[in-house]
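> just to be clear, the model below is a prediction. Sequence and coordinates:
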Amino acid sequence: MKETRGFPEALERELFREEFPFGPVTRRGFLALGLLSLAACTPVVRRKGVPYVRQPEWVVEGGRAEFVTAFPHAGFAEPVRVRHYQERPLFLTPLEAAMSPYPLASLYALYDPARKGKGPDWEGFFAAWRKALGEGETLLVLPRTTSPRLEGLVREALRRYPNLRVARFEAWSLENVYLGAELAFGRGAWPVYRPERAETVLLLDVDLHEHPAGYLWGSALAQRRLPPMNRIYAVESGASLLGTLADHRLALKPSGVEAFLLDLARALGVVPGSPVSDYGGFLPALAEDLGRGGVVLPGVHLSPGAQALAMAVNAHLRAPVAYVPPPEGEAATPRAFQEAEGASRLVWAAEGPLPSLQGKAFAAVLSLYPKEAPYSLPLAHPLEASSPCRDAQGRLWPAQALVKPLWGGRSLEEVLAGLLGEELPALSPEEKQALAEGRPLAEAEVLEVALRPGLGDRLPPLREEAPLELTLRPDASLFDGRYRQNPYLQELPRPLTRLVWDGALLAGEKQAEAWGLLQGIRARERRADPQRPLLRVRAGGQEVLLPLWPLPLLPEGSLVAPLSHVFHPEGVAFPAEVTPTGRDYPLVSTQYHGDLGEVEVEAVHVMTEKEALKEPKGEKRLSFYPPWPQGEHAWAMTVDLSRCLGCGLCVLACQVENNIPVVGKEEVQKGREMHWIRLDRYFTPEGALHQPVMCQHCEKAPCEAVCPVAATEHSDEGLNLMVYNRCVGTKYCSANCPYKARRFNFFPYAERFVGQGDPRRAKESPLVLLMNPEVTVRSRGVMEKCTYCVQRIELARAEAAKEGRRIRTGEVRTACQEVCPGKAIHFGDLLDPEDPIQAHRREGRHYTLLEEANTWPRTTYLAHLKNPNPRLAKEEAHG
Amino acid sequence: MAKEPHPDRDLIQGEWTERSLVEKLLEPVEKPPPRPWKVVAAVGLALTLAWLYAIFVTFVQGLGTWGINQPVAWGYDIVHFVWWIGIGHAGTLISAILVLMRQNWRDSLNRVTEAMTLFAVLCAATYPLIHMGRPQHFYWVMPYPTHMALWPQYKSPLSWDVLAIMTYLTISTLFLYLGLIPDLALLRERSRGWRRKLYGWLSLGWTGNAVHWQRYRAVYVLLAGLATPVVISVHSVVSMDFAYGLVPGWHLTVFPPFFAAGAIYSGFAMALTLIIPLRRWYRLEGVITERHLDWMAKVTLASGLGVAYIYLLEIFIAWYSGEPAEWAQQLWRMTGPYAPYYWAMMLINVVLLQTLWFPRFRKNLTWLFLFSLLANVGMWLERFVIVVISLSHDFLPGNFHLYYPTWVDWTLFLGTIGFFLFGLALFIRLFPPIAVAEMVHLFHKLRGH
């Protein structure tokens, strides 16, 4: 150390300053003392926690893992990939082409503290059950099950307990399909369609969520909505999402749909006779088109006769359909409900409505959520159970539990094994192998079936016409009511109506006018008054009150009510009588239904195949501001509206991935839903159109320019970033966004959601585990919006950096993209020459939403394609 | 020496001596208040307390207690912010521009309108603060050195707003205070007890000697020169919050003069609303004559005509631009669910305004008072049309949503009115509502002394 003048003294002073802090205090010393004492005021939080002594298998600190399992929805397996984060299942993606929204939304139920009942006393329950079995006949009502192992256990139980009777309950039954196959082929069978192989598709009153294979069909059909396109006809009594894909749509009453099918069969010569009507040229055009390789996809609620006719037509057309044995051991029907009401000893293990348990000698309910019952026992969540089951194509999938049961629940197999006093076998090596490889355990056995001649004579009467025909159909979100406790699904806007949190009676506008209610509803819609007339609906000897929601697509005389709100043990189709009650009920929709004024809707471009071939028009780009510095990537997204089904899975996936809270009916009514993706719906002369609108990540973003505190900024990779920490909540960005893609936390929504209504309970709620740790949970008073799943981009960047490479083409997939059944959403890098997004952007269908706003969005759209039959004049096709 | 009688001689009517004039003008401060004062102060205080409660509710529960939503992210908060800022304009105009133009009639009006300006701007300034999602971080919109070297984002009109409003508040406060100094000294000499102390401190040692007066005049004119651009700039800057935006109905270059005209219009209307009863309650007819009111009505008419012209121009431009969203917005205003608001605005600000062309209406104090109230309503409606109706209907039908204010929104509005009235009532009790020194000066000028 260099000997500088005065240095040792200075050093000594510095090190052995005895005057401090009690000696003569300098100004600086005083300040230092003050600051030190302030610092001492800060409490030191000591966190408990020690590192693992023995590292548990599969636990990677801060890491992710993926597992395959089969998630049963209404008995049918949906093979999924489950994304795990430190032993917490956090996200699901379809293993194959598509899945329904239910597995993904069920993640809420997994962590839901409402599932916690009293500690289950399983042994006590089994003892009581065995005692009841000793005393007399005991009815066990199972839901639809497709598990061979469970069927084996049921047979064993029936053998061991002669007093045991088993019934299968399902409000939305597939029985008519099996009966139709018996009529057509002489044996029960389950059709497996390959709609992607057909040039012409006829949708007969069927929707995505109404058929076990609906989402797979949607996915298959969507892939054929690009050149070379298929042609889709829809004949329906309701308003289905699949039907909105159609090039030609015919709205008929439920009886009319079956009569139409009979006429089609006659026109094709499948049954003798000639058609009663040609449906304004629709029928001959369809019959001709079907001849070029067509398939008829019938809804499962059509009568057995209609099912048989559809099978006969498909056989006649040599349609791409295979038949497999019915996946259920015994068809589950709504009739089992009455049986259960009558039984004196009952174990109810089905989903949906609950029978009355009064006056029963023994009553037990096995359910996901605790119920009011003498014995209420928790069933395991599908992610807590490993029950193999069949999918809608008849293939058997293995399943594995991904968490230990959180609230002591057991799967149905475990319950039956418990009754028998047996142990369930662990996963077999074959199952493990299949799970690791992500393939089914066993393929379906294809039946050789042949149409028995003379169907025309054997045909049972089809559905009879009535002035008002009501069909009860599963709700797109709540299904038959089994998902009623799921707020994700409650707030997922229903297709076409965009209703949330409620079920309504859907009727055509003409029907509402005939009741004299349309004027009043229109006036209320205009002022955004949610009150709608409450109607008394009489059907099948039951009476139910339902609010009315008029929907333009429904024909006069056809009514649709959700099975989640109306259940009838005798079936799903009834003649109905409707009387107004004079009372009102608030129905909340996410879309304003009032008079829109003179709006020229150019948001969704609709084209024909030929029009799509033209060159895209060059973009005029002018701006005062200099271009942003360009980073390593230029992220962008395209949404192919031709492949968009409007199902809302993107909305849900985004919500689960990005910790988006559910806000409740009242807040939605005020226009404060938090979904980052808004699925716009338009009723146009071309039919109903859907358009997901999320943050468009504009290069010249109007929101960025107006934020006074620079809380929303542009990244050099083209992302429009939202800095939650910096946001003061002026809401100017939202006001200035032409897409209105921003969402504001008016209340502490996240805390409310996690605390199930009480923000103060948020920290102790197990729903905290549902929150994705890679995404900030936003506080009250800040703005938020689509981030292009920036956490996934960063994860991919980190992975790439670890391996010393660039991010691979298609490596970053957004949550919405991963689950989209139609593969309509593509996320990519504009600087990557191999990325398919280059081709998307060069297509003639490519366009920018609100191009006139000059915002240069990175999210762009591809026009919706229609493939109309030149023989059908436009006005007739959409009548 | 006989002189020509002063042309503005009738601006002070009645037989006055300097002493009696001063006594009269100090009456509101020195005599017990009349009954209406007590009513106004009591109502004002009650509403102020309700206002504080509504702010408390907003802070504790969140902005969700208001009616704002997606897409109407700005509702009553910004409507009332703009409304109050506009009202504040009459004070600056009278104090600054009219002093430069040597308008003698301003002398009996400037104090009360300046006080009105101060309280109106205070009311206005509360809205941007409480309408923030995280008001605890309000200071982030101000330029101050931070460890992260983060400055406000100066491309945003909101950061211009902050500067404009703070300038406005500073200048109008300074102006008010500067004008008050001679009067404060006068009050100091005439009062005892705590009032004497208060006035003593506030009057800054004013003795009324010639040097004081000479510097006072110089500063006054200088300040007037500085304040003049503010009259035009503040509301022009506020208008840019909208003109800068993309929203159909906002995105118009005509907004700065539109807002400036509207501000003067609404400011004068509010001044009339305050001065007509004040004049009656304190028997000030001698110093606030019908001619004063006539002048004010004329300024109201002139600025109102500017506003009305731009209403019509907006319709024309919406059609002429050929921009579908703009035209759809215009039709939505005229025929949509909010059409009654739009047509009420047109009725008041375009049709009823025309009555002020006629001296018969201008001289009819009942009508003038009634119209001034209506014009306040009309300008409130205008801000509602611009802020709420535009936002409720922009580009994509999927965005559209109506706005319904809640009780909190209403309480916040009525609360600011209460605070405004209570503040003015207190002001009048403590400081002379008419500038005594100016009036004495004018008195001598008019009498040719």
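On my side now, so go ahead. Residues are numbered from 1 along each chain as shown, chains lettered A, B, ... in the order given.
> can you classify A:A364 as helix, strand or coil?
Assigned by DSSP: H, G, I helix; E, B strand; the rest coil, the conformation of A:A364 is strand.
> excluding covalently adjacent residues, which one is nearest to it?
Using CB to CB, 6 or more residues apart in numbering or on different chains and skipping residues adjacent in sequence, the residue nearest A:A364 is A:Y375, 3.6 Å away. For the C-beta atoms, the positions are set from N, CA and C on the backbone; glycine is no exception.
> again with B:P5
Nearest to B:P5 is B:G448, by CB to CB, 6+ apart, at 7.5 Å.
> how far away is the one you found from B:A437?
19 Å (CB to CB, to the nearest Å).
> which one's more surrounded, these two?
B:A437 (23 against 12; other CB atoms under 10 Å in any protein chain shown).
> doesn't the more buried one fall inside a strand?
No - counting by three-state DSSP, B:A437 is not part of a strand but helix.
> what's it in contact with, if anything?
B:182-183, B:186 (CB atoms under 8 Å, 6 or more residues apart in numbering or on different chains).
> out of the residues you listed, who's the most crowded?
Neighbour counts for those peak at B:D183, which has 27 neighbours (criterion: other CB under 10 Å).
> just the element for that residue, please.
Here B:D183 sits within helix B:157-190, counting by DSSP states H and E.
> neighbours around A:P467, how many?
Using other CB under 10 Å, A:P467 has 11 other residues around it.
> how close does the residue nearest to it when sequence neighbours are not counted get to chain B?
Spatial nearest neighbour of A:P467, excluding adjacent residues (CB to CB, 6+ apart): A:G557 at 6.3 Å. Plainly put, A:G557 is 29 Å away from chain B if you go by CB to the nearest CB, to the nearest Å.
> quick check: A:G557 vs B:W160, distance?
For A:G557, the distance to B:W160 (CB to CB) stands at 61 Å.
> tell me the secondary structure for the residue of the stretch 301-450 of chain A found nearest chain B?
Nearest to chain B in the stretch 301-450 of chain A, going by CB to the nearest CB, is A:Y369, at a distance of 28.9 Å. Secondary structure, three-state DSSP: A:Y369 is coil.
> got a list of what it touches?
A:Y369 sits next to A:109, A:112, A:114-115, A:485 when contact means CB under 8 Å, 6+ apart.
> show me what the lowest-mean-pLDDT helix or strand in chain B is packed against.
Least confident element among the helices and strands of chain B, by mean pLDDT, DSSP states H and E: helix B:89-92 (a mean of 78). If you count contacts as 3 or more CB pairs under 8 Å, 6 or more residues apart in numbering or on different chains; DSSP states H and E, helix B:89-92 packs onto helix B:110-130, helix B:157-190, helix B:210-243, helix B:255-281.
> how about a cut-off of 10 Å?
On a contact count with 3 or more CB pairs under 10 Å, 6 or more residues apart in numbering or on different chains; DSSP states H and E, helix B:89-92 meets helix B:110-130, helix B:157-190, helix B:210-243, helix B:255-281, helix B:290-320.
> off-centre distance for it?
Helix B:89-92 sits 6 Å away from the centroid of its parent chain (CA atoms, centre = their mean, to the nearest Å).
> next, the buried residues of it.
Residues B:89-92 are the ones in helix B:89-92 that count as buried (16 or more other CB atoms under 10 Å in any protein chain shown).
> neighbours around B:A425, how many?
Residues near B:A425, counting by other CB under 10 Å: 21.
> quickly find the element holding it.
Taking DSSP H and E as the definition, B:A425 sits inside helix B:407-430.
> closest point of chain A to chain B, which residue?
Closest to chain B within chain A is A:G729: 1.9 Å, counting by CB to the nearest CB.
> now that residue. Nearest residue, chain neighbours left out?
In space, and not counting its chain neighbours, A:G729 is closest to B:G133: 1.9 Å by CB to CB, 6+ apart.
> sec struct for that neighbour, please.
Quick answer, by three-state DSSP: B:G133 is coil.
> show the contacting residues for it.
B:G133 is in contact with A:727-731, A:744-746, A:779-783, B:62-63, counting by CB atoms under 10 Å, 6 or more residues apart in numbering or on different chains.
> can we see that at 6 Å?
Residues counted as contacts of B:G133 (CB atoms under 6 Å, 6 or more residues apart in numbering or on different chains) are A:729, A:781-782, B:63.
> do you know how far it is from A:L451?
Taken as CB to CB, the span from B:G133 to A:L451 is 66 Å.
> so the closest residue to B:G67 other than its chain neighbours versus B:V387, what's the distance?
Using CB to CB, 6+ apart and skipping the chain neighbours, the partner closest in space to B:G67 is B:P405 (4.2 Å). The gap separating B:P405 from B:V387 is 12 Å, by CB to CB.
> neighbour count: those two, which is higher?
B:V387 (29 against 18).
> isn't that one right up against B:V79?
Yes - in this structure, B:V387 is within contact of B:V79 by CB atoms under 6 Å, at 5.0 Å.
> lowest-pLDDT helix or strand in chain A?
Min over SSEs of chain A, mean pLDDT, DSSP H and E: helix A:874-877 (a mean of 48).
> out of everything not next to it in sequence, what's closest to B:G179?
Using CB to CB, 6+ apart, the nearest residue to B:G179 is B:A435, at 5.7 Å.
> would you check that the one you found makes contact with B:R111?
Yes - with contact defined as CB under 6 Å, B:A435 and B:R111 form a contacting pair (4.5 Å).
> what sits in contact with each of the two?
With CB under 6 Å, 6+ apart, B:A435 and B:R111 have no common neighbours.
> gap between the closest residue to B:P152 other than its chain neighbours and A:E66?
If the residues on either side of it in the chain are set aside, B:P152 comes closest to B:S159, at 4.1 Å by CB to CB, 6+ apart. Distance from B:S159 to A:E66, counting by CB to CB: 47 Å.
> now swap in B:L430 and tell me
For B:L430 relative to A:E66 (CB to CB), the value is 74 Å.
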